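Chemist: can you look at this prediction? I've put the sequence above it.
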Amino acid sequence: GMMKLQSFCKTVHDAGHHWAWSDTCCIDKSNNVELQESVNSMFVWYHHSALMVVYLLDVPPSSKSGTLAKSAWNTRRWMVQEFIAPKVILFYQDNWTLYLNDRTPNHKDSVAIMQELKDVTGIDQRAVVAFCPGMSGTREKLHWASTCVTTRQEDIAYSLFGIFSVRLHVDYGEKQDKALRRLLQEIVAQSGDITGLDW
C-alpha cells in the first residue's frame, strides 16, 4: 500500500521527474465517467509518459536472468500495453533495485531483458520499440494478449482498446464474450480484415 507508493514516488524523483501517476491508486473506479475515460485513455497516457516504472513484487533482489520471465506481471492482460506503449521502461525488483542491476537508461534497449521478455510474451524488440497503435498486425496483437489473464473478465477486450486505437463504451457486467465481440466487430469494421478473428 503506502510503502509501495512512497517507494514508487522516490524512484521517480530519483530518476529526475517531479510528477508521478500510479494506475493502481489514481483511477476512481466508482466514478463511471472517470472509469470510461481512464480505460479509453490508458494507452495514450502510457505512451506520453516520460518513464514507465514496472514494480515486480515477485522478483526478489539479486535475481538471475530468467526471473522476470516467471513474474506474474507477464500474465496480466494490461501488461501488453504497459510494455509496448511507453517510450522508456524500467523494471524494478521487489526491493526497488533495477532488475539484473541493468543500468541501461531504457530497458527497451537492454538486449538481455528484451530477449527474456520476447521468450515469454512473443513480443520482439522491434515491435516494442517501434509500436504504433492501429489495425495493422491484428492477428499478432491479439495473439500477444491471448495468454494473459484478467481480474475482471471484460478487461480481456478493454485492455486492447489502445493497442488497436479504438474508443468503445466500457460496461463492466457485460461479460467477456460480449466485450470481446464488440472489440472484434470494431476491428473488422475499421480494417476490413477478418483474418484476425482466427487467433
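Modeler: Okay, I see it. Computed from a prediction, not measured in an experiment: that's the story for all the values here.
Chemist: can you pull out the helices in this structure?
Modeler: 2-14, 32-48, 79-84, 111-121, 125-129, 138-145, 155-158, 176-191 (DSSP state H).
Chemist: would you convert the ones you listed into JSON lines that also reports distance to residue 62?
Modeler: Where you see a C-beta, it was placed from the backbone N, CA and C, and this is true even at glycine. Below are those laid out as JSON lines (distance: least, Cβ to Cβ, whole Å):
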{"stretch": "helix 2-14", "distance to residue 62": "18"}
{"stretch": "helix 32-48", "distance to residue 62": "29"}
{"stretch": "helix 79-84", "distance to residue 62": "23"}
{"stretch": "helix 111-121", "distance to residue 62": "15"}
{"stretch": "helix 125-129", "distance to residue 62": "25"}
{"stretch": "helix 138-145", "distance to residue 62": "30"}
{"stretch": "helix 155-158", "distance to residue 62": "33"}
{"stretch": "helix 176-191", "distance to residue 62": "39"}
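Chemist: okay if I get those helices as CSV plus mean neighbour count, mean pLDDT and distance to residue 65?
Modeler: Compiled in CSV, the helices of the chain are given as follows (neighbours: other Cβ atoms under 10 Å; pLDDT from 0 to 100; distance: least, Cβ to Cβ, whole Å):
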stretch, mean neighbour count, mean pLDDT, distance to residue 65
helix 2-14, 13, 94, 22
helix 32-48, 16, 90, 26
helix 79-84, 22, 91, 18
helix 111-121, 17, 94, 6
helix 125-129, 15, 87, 16
helix 138-145, 19, 86, 22
helix 155-158, 22, 91, 30
helix 176-191, 16, 93, 35
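Chemist: number of residues surrounding residue 17?
Modeler: Applying other Cβ atoms under 10 Å, we find 14 residues neighbouring residue 17.
Chemist: do the one 4 residues further on as well
Modeler: Applying other Cβ under 10 Å, we find 12 residues neighbouring residue 21.
Chemist: which of the helices of the chain sits closest to residue 72?
Modeler: Set against residue 72 and scored by Cβ to Cβ, these come closest in helix 79-84, at 9.4 Å.
Chemist: and the closest one, what does it pack against?
Modeler: helix 32-48, helix 111-121, helix 125-129, helix 138-145 (3 or more Cβ pairs under 8 Å, 6 or more residues apart in numbering; DSSP states H and E).
Chemist: separation between the residue nearest in space to the middle of the chain and residue 126?
Modeler: The residue lying closest to the centre of the chain (Cα atoms, centre = their mean) is residue 82, at 2.2 Å. Residue 82 is 18 Å from residue 126, where distance means Cβ to Cβ, to the nearest Å.
Chemist: can I get the helices and strands packed on helix 79-84 in JSON lines including distance to residue 13?
Modeler: Shown next, in JSON lines, are the helices and strands packed on helix 79-84 (distance: least, Cβ to Cβ, whole Å):
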{"stretch": "helix 32-48", "distance to residue 13": "19"}
{"stretch": "helix 111-121", "distance to residue 13": "23"}
{"stretch": "helix 125-129", "distance to residue 13": "26"}
{"stretch": "helix 138-145", "distance to residue 13": "32"}
